[in-house]
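> I'll drop the sequence and a predicted model, then ask my questions.
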Amino acid sequence: MASPPPLFYSGSQFLRNRNTNSNNPTSFSSNSCSHFPSSFYSNSSCYRAGHNWNFIAFSVVKNIWKCRSLKAQSMSITQGNVSSPTIVINVEDKPDHLVVLVHGIMGSPSDWTYFEAELKRQLGKNFLIYASSCNTYTKTFTGVDGAGKRLADEVMQVVKKTESLRKISFLAHSLGGLIARYAVAVLYSPNVSSDQPDDIADLASTSSKTSSIAGLDAINFITLATPHLGVRGNKQLPFLMGFSFLEKLAAPIAPVFTGQTGSQLFLTDGKPEKPPLLLQMTSDCEEGKFISALGTFRCRILYANVAYDHMVGWRTASIRRETELMKPPSQSLDGYQHVVNLEYCPPVLSESSDFHPEAAKAKEAAQNEPTTQNTVEYHEIMEEEMIDGLQRLGWTKVDISFHSALWPFFAHNNINVKNEWLHNAGAGVVAHVADTIKQQENQQDSSPYALLGS
């Protein structure tokens, strides 16, 4: 019987696949992303000769649309039949894979009610689904670094109380993705018996063998509508409608309402001569081993709204340049409503991000005397540096379009079904995430480093 096609390829799998078909295995480029058209998810034969892939072979998908009314019974932990606001584990189930859910700005564990229930239903008792509660509501205003450290402490508490855990994944929405990126750097532990690879492109295939997150094997790092490049720049904060004078005024005003987090999102935090935190988080630096920590995960996935997201732009959520944005397909992938495009972008060889004197000068001007010109200039410098740093790792990018939904302008909350009744258009995204985690788990159980289909 033919096997179902992969929803995603892990970094190591893709690197190996590319290496077997190229005389120069390290010649990656920013335009080498591999697309998966909707025809890939059909009954036609593709990817490997002699294999007929059937994308909807997962029987569980058939029941997704019939079970939307399922409610989560726990905000902090869901495991087996145990439901409690405190950390209580049913030892008989012995979960071995921890999935940490991280909410966004002004959020709480209740943002994950529907998502948590679906993950519990589809993934089973081998997974411990934990919705973080250490950064609720205004605690998200204290800065990405402060929230990230609290999240790291919370995760360690869960790990220490559950001895059966062997693997860990993160699923984060909006600002939660940045908080999770900081937290994994705090939780990162390199294997002292094995040196880190000199070539950053090798991280995807070797780092997961030599390092750990919270002492566990790092499997999936998934973000939903996260502003990885900040919110500064044209249409990166869409509710400003792209008006340059509003975007210029937003940067100095943001800290008044959102504290240190606002400064960090607009890249104006810290002294002029010091790189902003989001730029530091695209490299290994004194603040933390951010790239090495992300490279430890076998699968890094970005879900991004192509339109109608009033909080986070498509470019910053998918770590793309303006020139890399394309017109998204109008049709959804089979079985996953509003999921319109999927591509894997392998690592791109480049130097680590840098904060050169011109950038410091532009930052000082943007902080003290913001104008449309210096604001744009500063952001362009920062965006390019951040992309260069982050694209040193491979990413799977999933584009979401709610253009046909009843309430498309709820896209930012639809993507994680924040409220089951208002935002249920995102049920297809939830199903896609659940099936992705499930398939990755099956691959780990069979052959963690083997090529798919081999």
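Yep, that arrived. These numbers were taken from a predicted model, which means no experiment stands behind them. Numbering: from 1, shown residues only.

> quick one, strands of the stretch 101-250 of the chain?
Along the stretch 101-250 of the chain, counting by DSSP state E, counting those that start in this stretch, strands occupy 127-131, 167-173, 188-190, 211-213, 217-224.

> want to try a markdown table for the ones you listed, with mean pLDDT and mean neighbour count as columns?
Every residue, glycine included, has its C-beta placed from N, CA and C. A markdown table is the format used below for those (pLDDT from 0 to 100; neighbours: other Cβ atoms under 10 Å):
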| stretch | mean pLDDT | mean neighbour count |
| --- | --- | --- |
| strand 127-131 | 98 | 25 |
| strand 167-173 | 98 | 26 |
| strand 188-190 | 93 | 18 |
| strand 211-213 | 93 | 24 |
| strand 217-224 | 98 | 26 |
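
> quick one: low-confidence parts of the stretch 1-150 of the chain?
1-32, 34-93 (pLDDT under 70).

> nope, the stretch 251-400 of the chain is what I meant
Those would be 251-252, 254, 352-354, 356, 372, if you go by pLDDT under 70 across the stretch 251-400 of the chain.

> quick one: the strands in it?
284-285, 288-289, 299-305, 339-345, 395-400.

> can you redo those strands as TSV with mean neighbour count and distance to Ser174?
Shown next, in TSV, are the strands of the stretch 251-400 of the chain (neighbours: other Cβ atoms under 10 Å; distance: least, Cβ to Cβ, whole Å):
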stretch	mean neighbour count	distance to Ser174
strand 284-285	18	24
strand 288-289	20	21
strand 299-305	26	11
strand 339-345	22	18
strand 395-400	25	13
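
> Turn those into TSV, columns for distance to Glu364.
Formatted as TSV, the strands of the stretch 251-400 of the chain follow (distance: least, Cβ to Cβ, whole Å):
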stretch	distance to Glu364
strand 284-285	21
strand 288-289	25
strand 299-305	32
strand 339-345	33
strand 395-400	32
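
> if we can go back for a sec, format the strands of the stretch 101-250 of the chain as a markdown table; extra columns: distance to Ser404.
As requested, these are exported to a markdown table (distance: least, Cβ to Cβ, whole Å):
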| stretch | distance to Ser404 |
| --- | --- |
| strand 127-131 | 30 |
| strand 167-173 | 22 |
| strand 188-190 | 41 |
| strand 211-213 | 38 |
| strand 217-224 | 19 |
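
> Compare the strands of the stretch 251-400 of the chain and give me the one nearest Ser189.
Closest approach to Ser189 among the strands of the stretch 251-400 of the chain is made by strand 288-289 (9.6 Å; Cβ to Cβ).

> tell me which element Glu420 falls in.
Counting by DSSP states H and E, no helix or strand carries Glu420.

> What is the neighbour count of it?
18 (other Cβ atoms under 10 Å).

> What is the burial count for the nearest residue to it once chain neighbours are set aside?
By the measure of Cβ to Cβ, 6 or more residues apart in numbering, the closest residue to Glu420 outside its immediate chain neighbours is Tyr114, 4.6 Å from it. A count of neighbours around Tyr114, defined by other Cβ under 10 Å, yields 24.

> and Phe141, what is it in contact with?
105, 258-262 (Cβ atoms under 8 Å, 6 or more residues apart in numbering).

> Grab the two from the residues you listed that are most spread out in space.
Applying Cβ to Cβ across these, the maximum distance is between Ile105 and Gln260, 12.3 Å.

> higher neighbour count, these two?
Ile105 (22 against 17).

> I'd assumed Ser174 was in contact with the more buried one.
Yes: in this structure Ile105 lies within contact range of Ser174 using Cβ atoms under 8 Å: 6.2 Å.

> Helices along the stretch 251-400 of the chain, start to end?
Counting by DSSP state H, counting those that start in this stretch, one finds helices in the stretch 251-400 of the chain at the ranges 277-280, 290-295, 314-318, 357-368, 372-390.

> Out of these, flag the one nearest Ala304.
Among those, if distance is taken as Cβ to Cβ, the winner is helix 314-318, at 3.5 Å.

> what helices or strands is the closest one leaning on?
With contacts taken as 3 or more Cβ pairs under 8 Å, 6 or more residues apart in numbering; DSSP states H and E, helix 314-318 sits against strand 299-305, strand 395-400.

> partners of the last one in the sheet?
Using DSSP bridges, the strands paired with strand 395-400 are strand 299-305 (parallel), strand 339-345 (antiparallel).

> between these, which gets nearest to Gln440?
Of the strands paired with strand 395-400, nearest to Gln440 by Cβ to Cβ is strand 299-305, at 5.6 Å.

> how much does the closest one deviate in direction from strand 167-173?
10 degrees (axes from the mean of the first three to the mean of the last three Cα atoms, to 10 degrees).
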